[in-house]
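Novice: let's see this in three dimensions:
(one chain, ligands or ions: 1)
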Amino acid sequence: MNSLVPSGSTMSSSTKPHVLAIPFPAQGHIMPLMQLSHRLIRRGFLVTFVNTEHIHERLMAAEQPGKPSSQDFAGEIKLVSIPDGCANGSDRKKFGTFSNIMLKEMPGPLENLILDTNIRDAQKITCVIADVHMFWALEVAEKLNITRVAFWPASAATFSVVASIPQLLEKRVIDSNGFLIEKRPVHLSDTMPAMDPAWFVWLNVGQENEKESFQFLLLCLQSIRSDHILCNSFPEIEFPAINLIKNVMPIGPLLSDMHLQPSKLWTEDTSCLDWLDRQPARSVIYVSFGSLTLLNQRQLLELAHGLELTGRPFLWVSRPDLMDGSPAVYPDGFAGTLAAGRGCVVEWAPQQEVLSHPSIACFLTHCGWNSTMEGLYHGLPLLCWSCFADQHLNEYFIVEVWKVGLRVSKGKDGIVRKEEMKDMLEKLLKDERIRMRAMEMKVRARKNVMEGGDSWKNFTTFVDLIS
Ligand code: UDP
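Specialist: Predicted structure coming up:
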């Protein structure tokens, strides 16, 4: 908890600049913005962190008794919530529909919240940092004459694709609904690698959501007019994409850590750390599909069999809602594998501690951007199993550009077979060049956020600008 107490600051609460931070209501968006908030606290800021009521309740329910919590932190960060306006819970699962509901329902309550002088002992909010997908919060800030900061939590490459929508429309790569006219690889600039347009984020959110998601992303582009734009990346890995977005400041990697509570939607099962302690160095395959990916029963069985087939110890995060409808049914004998200590399954892991554990050999990941950055930060070879949204583009960078991982291939039915998993895991673990590059990446990622590193300098400049 001490690490969260602002250092080098003798300002009293009443003289501290006051930031309001508002993430998109999803795990992968809350976590990096919470980390950014904690960094601001260390630089002497007050932060009011605004979640939707739905998310706030889940965060509180997932809190672990006895663990340091942001709320304990001498009042430097205050968690508040406003309703998301969603009458039908299932709408929260459709990005475009949900975003449009929030766009309609949340600006009023947010404005009232900002104007409520009781929020922080009459300490006026001096800056609003909003997820780009909550761009309307920046419009509220503009109306109230408050500094606006847009925060992009995913890769700069994905951001550059979204920011290039006007050019993609003009060059007739896509039509006005975001659908492809051209299927040839796209070069957003001379220095950007060629991208398959089928990876565009709005084309990977489920067919029924594509058009609405595209139209919403077009609206999000307004946030590019903000006073400052931050992204969770670092220049060495995404230099060409970062260059394409005017004024963006990369400040990453922004990592989750054990002190970031409450920023987790499930309670972390720390028993897996004891299990990891009992495994040999660099032996364990860590498997996680992040917070949103769904598997069907056939895929779950292939995955479980594939892990058994490797003959290696594994730690698998199987969320309570991992399954596409039905409850998870594990193969016969799988319970015996776990009981024999060959594997460990948890509903939610303390991912940073897991990734930094010496017994971890590699990370089988769905390539969510946070997991990608965390994998790079810990220097792990990555086995990529991308599923939707920006994950295919992230996978492309991991495998083809940075060359720190391999990918599994899906069959025509969309299923990854157990033999494929086993073969690719073996190939990955034998590949010394990938391991060396992953170790180099670890050094580069860490250098960036250490004093004097590029991301550190950008963050320091940003702090000066909003102080
Ligand atoms: N995570 C975690 N414990 C788990 C699985 C995931 O703390 O058992 C965290 C992970 O460290 C990452 C976030 O959840 O910070 C998932 O974000 P990501 O962008 O990787 O994927 P998403 O959930 O958005 O698909």
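Novice: residue 228: neighbouring residues, count only.
Specialist: Using other Cβ atoms under 10 Å, residue 228 has 18 other residues around it. Any C-beta I mention is one placed from the backbone N, CA and C, and that applies to glycine too.
Novice: count the neighbours of residue 298 for me.
Specialist: Neighbour count of residue 298, defined by other Cβ under 10 Å: 11.
Novice: I misspoke; the intended subject was residue 189.
Specialist: Number of residues near residue 189 (other Cβ under 10 Å) recorded here: 11.
Novice: what's the answer for residue 439, then?
Specialist: Neighbours of residue 439 under the rule other Cβ under 10 Å: 13.
Novice: show the contacting residues for it.
Specialist: Going by Cβ atoms under 8 Å, 6 or more residues apart in numbering, residue 439 touches residue 379.
Novice: give me the distance from the one helix or strand it maps to to the chain's centre.
Specialist: According to DSSP states H and E, residue 439 maps onto helix 432-449. With Cα atoms, centre = their mean, to the nearest Å as the basis, helix 432-449 stands 20 Å off its chain's centre.
Novice: and stretch 148-161 with the ligand, contact?
Specialist: No: using Cβ under 6 Å from any ligand atom, we find that stretch 148-161 stays clear of the ligand, coming within 7.6 Å at best.
Novice: show the end-to-end separation of that stretch, please.
Specialist: 22 Å (Cα to Cα, to the nearest Å).
Novice: circling back to that earlier point, just the C-alphas of the helix holding residue 439, formatted as PDB.
Specialist: Listed next in PDB are the C-alpha coordinates belonging to helix 432-449 (Å, rounded to 0.1, in the frame of the first residue of the first chain):
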ATOM      1  CA  GLU A 432      15.700 -20.200 -28.400                       C
ATOM      2  CA  ARG A 433      15.500 -17.200 -30.700                       C
ATOM      3  CA  ILE A 434      12.000 -16.400 -29.600                       C
ATOM      4  CA  ARG A 435      13.000 -16.800 -26.000                       C
ATOM      5  CA  MET A 436      16.000 -14.400 -26.500                       C
ATOM      6  CA  ARG A 437      13.800 -11.800 -28.300                       C
ATOM      7  CA  ALA A 438      11.200 -12.100 -25.500                       C
ATOM      8  CA  MET A 439      14.000 -11.400 -22.900                       C
ATOM      9  CA  GLU A 440      15.100  -8.400 -24.900                       C
ATOM     10  CA  MET A 441      11.600  -7.100 -25.100                       C
ATOM     11  CA  LYS A 442      11.400  -7.400 -21.300                       C
ATOM     12  CA  VAL A 443      14.400  -5.100 -21.000                       C
ATOM     13  CA  ARG A 444      13.000  -2.600 -23.400                       C
ATOM     14  CA  ALA A 445       9.500  -2.500 -21.800                       C
ATOM     15  CA  ARG A 446      11.000  -2.000 -18.400                       C
ATOM     16  CA  LYS A 447      13.400   0.700 -19.600                       C
ATOM     17  CA  ASN A 448      10.500   2.700 -20.900                       C
ATOM     18  CA  VAL A 449       8.700   3.100 -17.600                       C
END
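Novice: phi, psi of residue 79?
Specialist: The phi and psi values for residue 79, taken as degrees, to the nearest 10, are phi -100, psi 130.
Novice: residue 275 now?
Specialist: Backbone geometry at residue 275, expressed as degrees, to the nearest 10, gives phi -60, psi -40.
Novice: and what of residue 195?
Specialist: Phi and psi for residue 195, reported as degrees, to the nearest 10, are phi -120, psi 140.
Novice: distance of it from the ligand?
Specialist: Per Cβ to the nearest ligand atom, to the nearest Å, residue 195 is found 20 Å from the ligand.
Novice: neighbours of the residue nearest to that residue when sequence neighbours are not counted, how many?
Specialist: Closest residue in space to residue 195, ignoring its immediate chain neighbours: residue 186 at 5.1 Å, by Cβ to Cβ, 6 or more residues apart in numbering. Applying other Cβ under 10 Å, we find 21 residues neighbouring residue 186.
Novice: right, and residue 186 touches residue 193 too?
Specialist: No: using Cβ atoms under 8 Å, residue 186 is not in contact with residue 193; the gap is 10.1 Å.
Novice: ok, and the closest non-adjacent residue to residue 368?
Specialist: Among residues not flanking residue 368 along the chain, residue 290 sits closest, at 4.1 Å (Cβ to Cβ, 6+ apart).
Novice: and the stretch 151-300 of the chain, which of its residues are near the ligand?
Specialist: Going by Cβ under 6 Å from any ligand atom, the residues of the stretch 151-300 of the chain near the ligand are 256, 264, 288, 290, 291, 292.
Novice: count of neighbours near the third one?
Specialist: I take that to be residue 288. Neighbours around residue 288, by other Cβ under 10 Å: 24.
Novice: for the closest residue to it other than its chain neighbours, give me its contacts.
Specialist: The shortest distance from residue 288 to any non-neighbouring residue, by Cβ to Cβ, 6+ apart, is to residue 317 (4.2 Å). Residue 317 sits next to 287, 288, 289, 345, 346, 347, 348, 349, 351 when contact means Cβ under 8 Å, 6+ apart.
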